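Colleague: generate a structure from the sequence data that follows.
(one chain, ligands or ions: 1)
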Amino acid sequence: MGLVPTLGALHEGHLSLVRTAKACCDAVAVSIFVNPTQFGPNEDFALYPRTFDADCALLAGEDIDVVFAPAPEEIYRAGAATFVEVEGLSQRLDGASRPGHFRGVATIVAKLFIAAEPDRAFFGQKDAAQIAVLRRMIFDLGLPVELVVCPIVRESDGLAMSSRNRYLSQQERQQALVLRRSLDAVQAAIAAGERNSETLIATARSILASEPEVRIDYVAAADWATLLPVDQALPGTLFAVAAWVGKTRLIDNMIIQ
Ligand code: PAF
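Modeller: Residues are numbered from 1 along each chain as shown. The predicted structure is shown next:
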């Protein structure tokens, strides 16, 4: 049984997770739940696109077995005092700018695992820090679930697919391409022999700065297991960027070869 946990507002990135699950599992469940505990007080929980009918229409084309779309009160009991927190990791990268986010993610994913008892769960590499947190949670709690990471799916112009891309104005949509360009520049520097993280980070920052309307949140070269910074961007290193384009926070990354 394969589980594809989602917040809904499904796009081709989610469908690629579903198709990967379908290819290697007898049964596939997709959860759709806009999880309140992973949104900070000033974040977009209220605004987050809720497109349940369109999501179901997309999934109808994929021959899956279950759509699990619980109401919040089915998931969180009133006054619940129990959360799952992966210490340390949850405060790094996205966790540094989104306090409490990874506690919410670990808690809901643990709850979904308890409800669905999947053998495998499928997540996109775009949320690379989330993957590190969940891998550690699965390991520390000894959960019998294999976490499968699926490649980032991009629009034809290179923008990583995200439900939040629909917040972007036409102009912001163009500006957002700078995230991918910054990763391409880092890739080119690595191909030319550069491995020093500081230099690579400076390269990405200078490309991001070429779009004055884009505000950098972080640029990091990190160990993908610990999310701690590394001095040298060796094979397996996570190179990740996060930036605000207008009011929308976008992330992108690559695993260095
Ligand atoms: O990556 C997401 O969409 C969410 O964080 C997840 C894993 C569905 C948990 O709510």
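
Colleague: can you give me the helices in the stretch 101-250 of the chain?
Modeller: 101-116, 128-141, 170-175, 177-191, 197-209 (DSSP state H, counting those that start in this stretch).

Colleague: could these go into TSV alongside mean pLDDT?
Modeller: Conversion of the helices of the stretch 101-250 of the chain to TSV gives the following (pLDDT from 0 to 100):
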stretch	mean pLDDT
helix 101-116	98
helix 128-141	99
helix 170-175	98
helix 177-191	98
helix 197-209	98
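
Colleague: tabulate those helices (CSV), appending mean neighbour count and distance to residue 92.
Modeller: Just so you know, the C-beta spots here come from the backbone N, C-alpha and C atoms, and that holds for glycine as well. Converted to CSV, the helices of the stretch 101-250 of the chain look like this (neighbours: other CB atoms under 10 Å; distance: least, CB to CB, whole Å):
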stretch, mean neighbour count, distance to residue 92
helix 101-116, 21, 9
helix 128-141, 21, 7
helix 170-175, 14, 26
helix 177-191, 18, 19
helix 197-209, 17, 15
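
Colleague: between these, which one is closest to the ligand.
Modeller: For the helices of the stretch 101-250 of the chain, proximity to the ligand was assessed by CB to the nearest ligand atom; helix 101-116 is nearest, at 4.7 Å.

Colleague: rewinding a little: could the helices of the stretch 101-250 of the chain go into TSV alongside distance to the ligand?
Modeller: Formatted as TSV, the entries for these read as follows, by distance: least, CB to the nearest ligand atom, whole Å:
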stretch	distance to the ligand
helix 101-116	5
helix 128-141	6
helix 170-175	21
helix 177-191	18
helix 197-209	23
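
Colleague: which one of those helices lies nearest to residue 44?
Modeller: Closest approach to residue 44 among the helices of the stretch 101-250 of the chain (CB to CB): helix 101-116, 12.0 Å.
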